[in-house]
Every structure is written in C-alpha cells, then in structure tokens.
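1. what follows is a predicted structure for the sequence shown.
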Amino acid sequence: MSALKRCFAVTLLLALSTAGSAEFLLEPGNVALRLDLQQLNDSGAINMPLTSWPLASADVAEAVAAIDGDSLSKADRAAFDRVADAFAAGASSGLLRVGYGLSASLEPVRIRTFENTPRDEGELLIKAAWQNSRIAVTIAAAVVANPMDGDEFRPDGTTVAVSLGNWIVSAGWQDRWFGPGRDGSLILGTNARPTPGIALQRAVSRPFQTRWLSWMGPWTLSTFMSELDDRRTIENAWLFGMRGSARPLPGFEIGLTRAAQWCGDARPCDLSTFGDLLVGNDNRGVNVSPDEEPGNQLGGIDMRWSLPRSTPIALYMQWIGEDGRGGGGAVGSWLRLAGVETWGTIGEFSHRTHIEVADTTCQEGGFGFSGAKPNCAYEHSIYRSGYRYQGRSLAHPTDGDSLSYSIGSTLVQSAGHVWNATLRYMEINRQGQPAPRHTLSSTPQKRYDLLITHE
C-alpha cells in the first residue's frame, strides 16, 4: 500500500544584494521577472518568445524599449516599470556588480519548480558580474551545508558569454528551463544542478525579413553541449540539447525541443555518431545496430495560447516523447503536461493563477493515449543512470512514472513584493515496480506539498 506523506518545508532566503541585470543571459528562477514579462506579452504590449530560458537580456531590453508606457493599463504599467527599473540598474557597461545571499532550509525542497528555492540545507553564495558591449563574465561560488551530492563547494552560475552579431556564445554552469510549465518541464528544468558546458543562443528574436519565413514571427534558437561529470554507470557522458521557439500568431507560441545523452567511456563519440543522433538513427534493430546506438534521446513539442485580450486565460501543453517505439522509428512513449493560467488585479496586487497536470508515465500510441509503459521515462538500457544528474531528475522534478496535480497563485504588489503559494498532490513512482534509480522513491508514494514564498 502506498505511503502517505505530507511535506511542509520551512525555508529562509536572504538575498542581501544582487548582481542586477548585468549578464547577457537572464537565468531561470526569477519568478517576478517571468510573470511581469508574461503580463506584457499576454496584453500585447510586447511580442517575444518566453518559454526558453535563459532569456537573452538584449531581447528583453529591445522589446521593453518599444513600449509606449502611456498606453498601458495600470497592471501593465506596473509590470513595465518593474522590468525597466531592473534593466536600468544593470545598464552601465564596465561596472563590477557584487551579489551575495544566504539560504537555509529545515527540509530542502525536493520538488523544485521554476522558482529559485534551496536544493540543500544551507547555502552561502557570492556572485560578481561584469560586462562590456561584447563580453559578460559572471563568477559565482557557493559553500553548501550537508549537500545531498557531497559537493560542498559549487561554481553553479559561473558563466562567460561573448556577443557575436545576433548570437551569444557562452560557457559555464548554466541553468535552463525549456517549456511553458510553471511547476516543471518534461525535458529540461532547474530541478537538478546545472551541468558544465558550452552553448549558442540567438540574442534578439526579430522575425525573418524574407516573405518565405516571416510568417514565423519572433523566433529564438538555442543549443548546448555539456558534460555529465557526476558518478554514473557510464562516466563522462555528454548531454546535448536544442530548442527553437516562435510566435507565428499574436498570443501563440510553439516550441520544439530535443535532448540526448551520448558519448562517455567506452561509447562512440565521433562526428558520425553525433550525425546519427541528429537525424534519429538511434533505434536499435530498426535503423542502427545495438552496438552503435548513439544515445538516449527525448524530443517533443509544446504550445502556449493566450486567448484574445478581453479573456484573461492562457492554455499550455507539453508533449515529450522518449526513444522511439520498439516496432519502429516513429516517436512514441509520450510524457504529457497541460495547464491553464488566468490573471487579473485584486486591489493593488496583480495576480496570476495556474492549474497544472503532469504525467511522467510513458503512454504508447501516436499521441500518447494508449497503454502505459512503466520504467520507461528518463530510463535507458545503456545509460543506466538515466536522465538524471547529481541525484536529481534533469527534467520533471517528480521523475518517472509519476502523476502531479498543482494549483498555485502569485500576487505581485506594484512596488515589487511577490507572494507565491502552490499546493501540489503527487503520486510518485505509481506503477508499483521497484525502481532503485528513482530520485524520490523506489516504491509508490503519495505526497502533498505546500510551498509559500515571499520576495
């Protein structure tokens, strides 16, 4: 019988100073910034992709600079002012900014959403950021108390970025969030610590000028290659990711994402193997021999549609397929996430409320509406450590074979105070088969989670 567990985490976060908006890339975790930009996007004040993080700060700055502040509603004006103030504080080139912070938790949050919450019992962070028109450098160092993965010193967040035309090349330890979800991403989120690597990202999401591609509207593209440098069954494996997102219609954004584990000790790492991975020649016994299978792949689609401006409702979904079905090369074994958002004002507060459902049990069939396939999500027969890093899922925080329901609301005061409350019910590892690699529970477990935060 499933155990019933209620978790109420007590957490203290002290951000005594921040490095501001000096970086070229705005990392995920800043809920207030995300909601302010989403407010402006949903109202039509700006039009830019917002489901791929980190965001390029140049893209945000260009979009906000084009806004006519006098034509905004009260809620939009408050959001505009907060974003503009944040960028004004970090606008000076050549100035060193130093940030430091402290976090402490009686019970570290194991279900980590977009919000920047502690991964361990205690953390002291020091951060310095500097940039000019071409280069941005962020140095971050953290000392952690009782770390789950044993790393007491962490360079997470350390990044060097170079601007090359309308592209940004970066290297370091960068968090990423791919998808429209508020509580999780089925393919890549911030639940696990960032992996060290290199990345390429479009700086400003201007539409194509040619008539053949201008229909895509604003678009962005990012790709990265990083190392899984933790202890694994296949040491020194690599993680590859690529995502493109576009807004072909006002209020509608669509994204395509791929991720793959490949290379590593005693595994092929040449360009031919990477080429097979890119074109999908990785289904053993179908289009590649078992010995030459390049890696463990995930890929899929997500969408977010904001209804016309008079209707404050947005619908979003994410469908991610695991490696192809056993009978062929077509994508199958789907993981599914869906949600609805609504927003408005309550007195001096702006609010944004969401309901989200995520199912990380593989479902067979063309669109994932057939039978369940246990022990499939985030698992692989070669890369047996699975789609995980330092003891946490790289994708949805509930890991595989789980079902999650959440309802949450965020209140933003005009001065910038942010209150967030989320209630979540989860059926963890619900298929009943022992899964020793599962990062939350090797056996079925039901869990309630209540998270309340204030910035």
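-> Structure received. Residues are numbered from 1 along each chain as shown.
2. and the residue nearest to the spatial centre of the chain, what is it in contact with?
-> The chain has residue 177 as the residue nearest its centroid, 1.4 Å off, counting by C-alpha atoms, centre = their mean. The contact partners of residue 177, by C-beta atoms under 8 Å, 6 or more residues apart in numbering, come to 28, 52-53, 114, 185, 188-190. For glycine as for every other residue, the C-beta is placed from the backbone atoms N, C-alpha and C.
3. likewise for residue 152?
-> So, once contact is read as C-beta under 8 Å, 6+ apart, residue 152 ends up touching 143-145.
4. which member of those is positioned nearest residue 310?
-> Using C-beta to C-beta, residue 144 is the member of these that lies nearest residue 310, at 48.2 Å.
5. output the contacting helices and strands for the strand or helix carrying that closest one.
-> Here residue 144, judged by DSSP states H and E, is contained in strand 135-145. Under the contact definition 3 or more C-beta pairs under 8 Å, 6 or more residues apart in numbering; DSSP states H and E, strand 135-145 sits against strand 122-131, strand 153-154, strand 159-164.
6. tell me what the residue nearest to the centre of the chain is bridged to.
-> Bridge pairing for residue 177 (DSSP bridges) gives the partners residue 53.
7. okay, it: pLDDT?
-> Per-residue confidence (pLDDT) for residue 177: 98.
8. how about the strands in the stretch 201-350 of the chain?
-> 219-228, 237-249, 252-262, 295-306, 313-322, 332-346, 349-363 (DSSP state E, counting those that start in this stretch).
9. could you check the angle strand 252-262 makes with the fourth one?
-> Using axes from the mean of the first three to the mean of the last three C-alpha atoms, to 10 degrees, the interaxial angle of strand 295-306 with respect to strand 252-262 works out to 170 degrees.
10. just the second one next, same as before
-> Counting by the same axes, to 10 degrees, strand 237-249 lies at 170 degrees to strand 252-262.
11. strand 237-249 pairs with which strands, and in what direction?
-> Strand 237-249 has these strand partners (DSSP bridges): strand 219-228 (antiparallel), strand 252-262 (antiparallel).
12. export stretch 232-251 to CSV, keeping only CA atoms.
-> Output of stretch 232-251 as CSV, limited to C-alpha atoms (Å, rounded to 0.1, in the frame of the first residue of the first chain):
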residue,chain,number,x,y,z
ARG,A,232,27.4,7.3,-13.4
THR,A,233,27.3,3.8,-14.9
ILE,A,234,28.9,5.4,-18.0
GLU,A,235,31.3,8.0,-16.8
ASN,A,236,31.9,11.3,-18.7
ALA,A,237,28.7,11.1,-20.7
TRP,A,238,27.6,14.2,-22.6
LEU,A,239,24.3,15.9,-22.7
PHE,A,240,23.2,17.6,-25.9
GLY,A,241,20.1,19.9,-26.2
MET,A,242,18.5,22.0,-28.9
ARG,A,243,15.4,24.2,-28.8
GLY,A,244,13.6,26.5,-31.1
SER,A,245,10.5,28.6,-30.3
ALA,A,246,8.5,31.1,-32.3
ARG,A,247,5.3,33.2,-32.1
PRO,A,248,3.6,32.9,-35.6
LEU,A,249,0.4,34.4,-34.2
PRO,A,250,-0.2,37.1,-31.5
GLY,A,251,-0.6,35.2,-28.2
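13. buried stuff in stretch 155-167?
-> Buried positions in stretch 155-167, judged by neighbour count with 16 or more other C-beta atoms under 10 Å: 156-159, 161, 163.
14. same check, this time on stretch 211-221
-> Taking 16+ other C-beta under 10 Å as the criterion, stretch 211-221 shows 217-221 as buried.
15. then stretch 96-108?
-> 97, 99, 101, 103-105, 108.
16. now that stretch: how far from the chain's centre is it?
-> When distances are taken as C-alpha atoms, centre = their mean, to the nearest Å, stretch 96-108 is centred 20 Å away from the chain's centroid.
17. okay, residue 21: pLDDT?
-> pLDDT recorded at residue 21 is 43.
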